Every structure is written in C-alpha cells, then in structure tokens.
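Peer 1: Test case, fold it:
(one chain, ligands or ions: 1)
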Amino acid sequence: MRKKVIAGNWKMNKLPNETIDFIDRLIPKIKDTENEVVLCVPYTDLFYAILTAQNTNIKIGAQNMHFEEKGAYTGEVSGQMLKAINVDYVIIGHSERRQYFGETDETVNKKVKSAFANGLKPIVCVGESLEQRENGEEKEIVTSQTRLALNGLNNEQVQNVIIAYEPIWAIGTGKTATSEDANNMCKIIRAEIEKIYGQNIAQRVIIQYGGSVKPQNAKELFETSDIDGALIGGASLKVEDFEQIVNYNK
Ligand code: 13P
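Peer 2: Numbering: from 1, shown residues only. Coordinates of the predicted model:
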C-alpha cells in the first residue's frame, strides 16, 4: 500500500513570520495523520520552516534547485545547499518553471539526478497544456515528460521519485480534472514506468495529482486507485484548507 503524500506548493507567497505562524498552527492539527505532509516554501522561508517544523511530522521542501553543486550561476541555489539546511524534498520541473523560466526535459532530468546525488527527494511535475489536451496529445506529453525526467536513474532512485501530474489547465483556475480523468492519467504514467522499470518498481512510485485541489474534492481524488496524494497551490496557503486536505481520511 502506497503512502499518501500531501504537499503544499506555496509558490512565491509568504514571509518568514507568516511561515512560522502557519507551521505553528498546523502542527497540532495534523500530528496524528498517517499521511506524509510536505510544505514547499520559498527559499527565504526554508530555514525558518525547518526550525519551526523540527521534531514534528512536517517535512520541508524547496520549489526548485540548480543541477550543479556550485559555481558561477548568479541567483541560483544548489541541491547541496538545500541539503545542508536539512531540506527533504524539492519540486522539479513545475509547469510555471517550464513556461516562464525555460525549464526543459533535459534540465529537469539533470536536476532530478542532482537531487538524488544530494539526498533530496524530487517531486517531478508533468502535465499537458489546454491546447495539447484539445489536440488529444495529453498521454503522449505526460509519458514523454516522465520518461525523459527519469532517464538514466537506477531502480532504487526511480522507486523513490514522486511524480506530480498537474494538467496546466487545472492550475489556479478552479477547474479540477475529474477524479476519473486524473486517475486515468496517473495510471498511464504508472504504466509507462512499468514498461521501462517493471511492475515492482512502478507499484511503489508515488504519483500525485495537482490542479485546484481543495478540501471539497480531495477525498474523491485520493480514494481512486492510482492517485497517491496531491501537490496543492492555493489551498495550501490557508491552514484550515490544507489541514482538511491532509485529514481527508479522518
Ligand atoms: P492550485 O492548487 O492553486 O491550482 O496550484 C496547483 C499547483 O500548481 C501546485 O504545484
């Protein structure tokens, strides 16, 4: 049985004092959950988040990293730097980074390898645009993004990757994929992993859904066969909403 991983992606939101307050309020509300709880916060909040969440069941993640360890890359942050302050997770290849910051399947793959090399758990985002969906290309897009992201990883690494299926048309729009559709896409991603790495590994990979997940739709999404949690934007900014999603099975 795969664990549910419920991860918040705060994007470019919240200051350190808001981060500390959020986590302080979240701790008692989710302390008994069996689900994995992750908050992916801005770089400037990481250290505060890690200190506040110390000795709790909340894990902290970054939203991006560079694939090199160090060097002349002004403004970038490496996996080694994240690990040094006890970051556990890192989002890689979010559609906003692919869309606005030139992230490609190749840089995603390099970053995934570097994340593992530094002991970080990558949450790799895949997903089609509205245009690609309207052209019926969604399966091809997500299977190719998945294949390329995992290229060259060993079996141990592949089974520890988290894939987040986030259809771009559902992000921040209030339009959620139906649970059936989202589950089908997650199944397609799992089948692609199975084709390359075998059934044992494919069955262990956590595949999340992301795109307008809220307290009202979380349970239905999470009770499907292949959705193992969520990557949540807007609803992860409010303690009350995020807590309800984490506690969907209470
Ligand atoms: P929303 O939950 O705001 O739609 O954002 C989804 C997302 O992009 C999470 O990474």
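Peer 1: Gln159 is in contact with Leu150, correct?
Peer 2: No: in this structure, Leu150 is not within contact of Gln159 by C-beta atoms under 8 Å, at 10.6 Å. For glycine as for every other residue, the C-beta is placed from the backbone atoms N, C-alpha and C.
Peer 1: Give me the common contacts of these two.
Peer 2: Common neighbours of Leu150 and Gln159, using C-beta atoms under 8 Å, 6 or more residues apart in numbering, are Tyr197.
Peer 1: Of those two, which one has the most company?
Peer 2: Leu150 (23 against 17; other C-beta atoms under 10 Å).
Peer 1: looking at this protein, which helix or strand does the model trust least?
Peer 2: helix 130-134 (a mean of 94; mean pLDDT, DSSP states H and E).
Peer 1: tell me which residues of that one are tucked away?
Peer 2: 132-133 (16 or more other C-beta atoms under 10 Å).
Peer 1: oh, and call the first residue 59 from now on, that's how I've got it
Peer 2: All set: I'll call the first residue 59, so the last point we hit is now helix 188-192.
Peer 1: do that helix and the ligand meet at all?
Peer 2: No: Helix 188-192 does not reach the ligand (C-beta under 6 Å from any ligand atom); its nearest approach is 13.8 Å.
Peer 1: and whatever helix or strand comes next after that helix, how far out from the chain's middle?
Peer 2: Beyond helix 188-192 in the direction of the C-terminus, DSSP states H and E gives the next helix or strand as helix 196-208. The chain centre lies 16 Å from the centre of helix 196-208; the measure is C-alpha atoms, centre = their mean, to the nearest Å.
Peer 1: What are the buried residues along helix 196-208?
Peer 2: Those buried within helix 196-208 under the rule 16+ other C-beta under 10 Å are 196-197, 199-201, 203-208.
Peer 1: which among those residues gets closest to Ile85?
Peer 2: For the buried residues of helix 196-208, the minimum distance to Ile85 (C-beta to C-beta) is 32.8 Å, reached by Ala207.
Peer 1: That closest one against Thr162, yeah?
Peer 2: No: judged on C-beta under 8 Å, Ala207 makes no contact with Thr162 at a distance of 10.7 Å.
Peer 1: contacts for stretch 297-308?
Peer 2: With C-beta under 8 Å, 6+ apart, stretch 297-308 has contacts from 62, 64, 66, 80, 83-84, 87-88, 91, 93, 95, 271-273, 276-277, 280, 288, 290, 293-294.
Peer 1: Can you give me the buried ones in that stretch?
Peer 2: So stretch 297-308, judged by 16+ other C-beta under 10 Å, has buried residues 297, 299-306.
Peer 1: Check stretch 272-282 too.
Peer 2: 272-273, 275-276, 278-280, 282.
Peer 1: OK, contacts around Ala260?
Peer 2: Neighbours of Ala260 in contact, by C-beta under 8 Å, 6+ apart: 248-249, 251-252.
Peer 1: Show the backbone phi and psi for Lys89.
Peer 2: phi -70, psi -20 (degrees, to the nearest 10).
Peer 1: now check stretch 296-308, is it near the ligand?
Peer 2: No: using C-beta under 6 Å from any ligand atom, stretch 296-308 never reaches the ligand; the gap is at least 10.0 Å.
Peer 1: For that stretch, what is the distance to the chain centroid?
Peer 2: With C-alpha atoms, centre = their mean, you get 17 Å for stretch 296-308.
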